[in-house]
Structure formats: C-alpha cells, structure tokens
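S.K.: take this sequence and fold it.
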Amino acid sequence: MKSAISIGLLVLLCVSSLAQKTKPWTEWTKKDVEKTLSDSAWAQTQTEGGTSEAPSQTSAITATTAARREDSNMTAASRVESGEVKASQTVKYHVRFLSAKPVRAAFARQVLLSQNQPNENLKQQLQGFIDRDFSDYIVVSIGVEIGDPKMSAPLLHAFSAATTETLKEAVYLERKDGKKLYLMEYRAPAQDAMGAKFVFNRVVDGQPFLIPTDTVRFVAQLNEKIRVTTRYKLSDMIYDGRLEY
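M.R.: Numbering: from 1, shown residues only. Modelled structure (predicted):
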C-alpha cells in the first residue's frame, strides 16, 4: 500500500513538473520572464565589477577579471573611507540563445506585460516571432545591464562599433571535444531590447554542429577589456519536449 502511494505521489510530481515546463508563454509571470532571460538553461549572466556577487553570477568570470575586480574593490574601499559615494560599478552581460524558442517567448511576454491593455493583434504578431524558423542558424544575443551610467558610452560603443569582420575570429561556440564554430554574422544592438546578436551556422558539413549530449561554451572577445564566456548543457535545453538552442 505504501509503495502504491509513493508511486502515485511520484507520478503527480512528474505531471506537475511537466505542467510547469509547458505553461503557455502568455501566462508567464514577470519572475518567469526574468528567470528565463538571465538564469536558465538558455541564458546566463556574467557579472563584472561591484563589491559582492552571488556564486552563480561569477561562475563565468576569468581569473584575470577576478584580479581586476580585487584591485577595483580596494580602490572602492578607499573611496568609501574618504566619504565619497560612488555609483555601482557592476556590469552584467546577459547571454541568451535567441534561436531557442523559450528565450523568444520570454521577450514576447515581456512586451505583453508592458502593455496597459490586452492587445490581441500584438499577441498574434509576437506568436509569429516565437514560431520563427531557426533551423539553419544558431543565434546568441548579449544584453548589457550597466550599474553606473557613466560607464555606458564606452561599453555600448564597443558593441555598436563591432563588425562581422572584426569579430569573425574572436567569437565562437566551442563543443566539449574542443571543436570551434566561428561567427558567421554579427548584428549590432537595435531598438528591440534584445541586445547584440551573433549568428552561427547550425549545420556544418551536412551535420548539426551541436548534438543533445554536448556541452557548449560561448566566447566573445569584443576588445581587450570585454570578454564574455558562458557555458551551457544541451541536455537541459528541452522545451515542450524538444531540444531548443
């Protein structure tokens, strides 16, 4: 009897988990959206600067960056002692697989949540964006969140001034076997709130570059100061029963 009850509870938990994963995007909360776009199987956040970060935010930061942060923190501490108040020096790079349907769904939901009144026409347009065909390409986007407005100009300039030519060997996807897929096309940030976009071929030599058992690392060296690197596990990137990346 106890065994039957345990099995029943397990089934209920599995069904509940599946229901959560397949909840229609139009029912997502603001928290669902933020989680999908900043800390999920399809999106990670690399944090630079500041005086304290959570472990999940610092996992992608290199040793060189950590050393720079330590120097920065010492300087900040001396300014606090002198009574000077300074804006946050934190910069967050939100790295997302835009070609993954849940990321597009999160952006779409973000737009709907910003509306004062329901808009069925807009909802249909956004559904078209979510269902767009990405069978030929992998698209990774980087959105930048800056704590100190004074830091905005040089950071945003780095992304707006970059081109496919300047980044073609500085941006790549790397599989767990070490094989790299270099950038095919770069698109600077536009007025869509989705950030800079990095486009890669999905198929190489007639085969998908990534397979479900892969882990993949995204690397983007924008200049000497800006290096973004995040990792993803494809087996976690399942949405509505399908692998999405």
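S.K.: doesn't His94 make contact with Ser38?
M.R.: Yes. Counting by C-beta atoms under 8 Å, His94 is a contact partner of Ser38 at 5.5 Å. Where C-beta positions appear, they are placed from N, C-alpha and C, glycine not excepted.
S.K.: ok, Pro208 touching Phe200?
M.R.: No. At 11.4 Å, Pro208 does not count as touching Phe200 under the criterion of C-beta under 8 Å.
S.K.: of these two, who's got more company?
M.R.: The neighbour count for Pro208 versus Phe200, taken as other C-beta atoms under 10 Å, is higher for Phe200 (21 against 15).
S.K.: and Gln110, what helix or strand is that in?
M.R.: Using DSSP states H and E, Gln110 falls within helix 101-113.
S.K.: I'd like the mean pLDDT over that helix, please.
M.R.: Summarised as a single mean, pLDDT over helix 101-113 is 97.
S.K.: would you mark the buried spots in it?
M.R.: Using 16 or more other C-beta atoms under 10 Å as the test for burial, helix 101-113 gives Lys101, Pro102, Val103, Arg104, Ala105, Ala106, Phe107, Ala108, Arg109, Gln110, Val111, Leu112.
S.K.: again, but for stretch 29-49
M.R.: Counting neighbours by 16+ other C-beta under 10 Å, one finds that the buried residues in stretch 29-49 are 32-33, 36-38, 40-49.
S.K.: ok, back up a step: and the contacts of the helix holding Gln110?
M.R.: The contact list for helix 101-113, computed with C-beta atoms under 8 Å, 6 or more residues apart in numbering, reads 25-26, 28, 30, 32-33, 36-37, 40, 42-43, 96-98, 119, 122-123, 126-127, 129-132, 141, 193-194, 239-240, 242, 244.
S.K.: pull the longest strand from this protein.
M.R.: Of all the segments of type strand in the chain, defined by DSSP state E, the longest one is strand 137-146.
S.K.: who does that strand pair up with?
M.R.: Counting by DSSP bridges, the strands paired with strand 137-146 are strand 91-97 (antiparallel), strand 196-201 (antiparallel).
S.K.: quick check: next helix or strand after the shortest one?
M.R.: For strand 196-201, the succeeding helix or strand toward the C-terminus, using DSSP H and E, is strand 203-204.
S.K.: next one: the helix or strand just after that next one to chain centre, how far?
M.R.: Counting by DSSP H and E, the element after strand 203-204 in chain order, helix or strand, is strand 207-208. Per C-alpha atoms, centre = their mean, to the nearest Å, the displacement of strand 207-208 from the mean C-alpha position of its chain is 23 Å.
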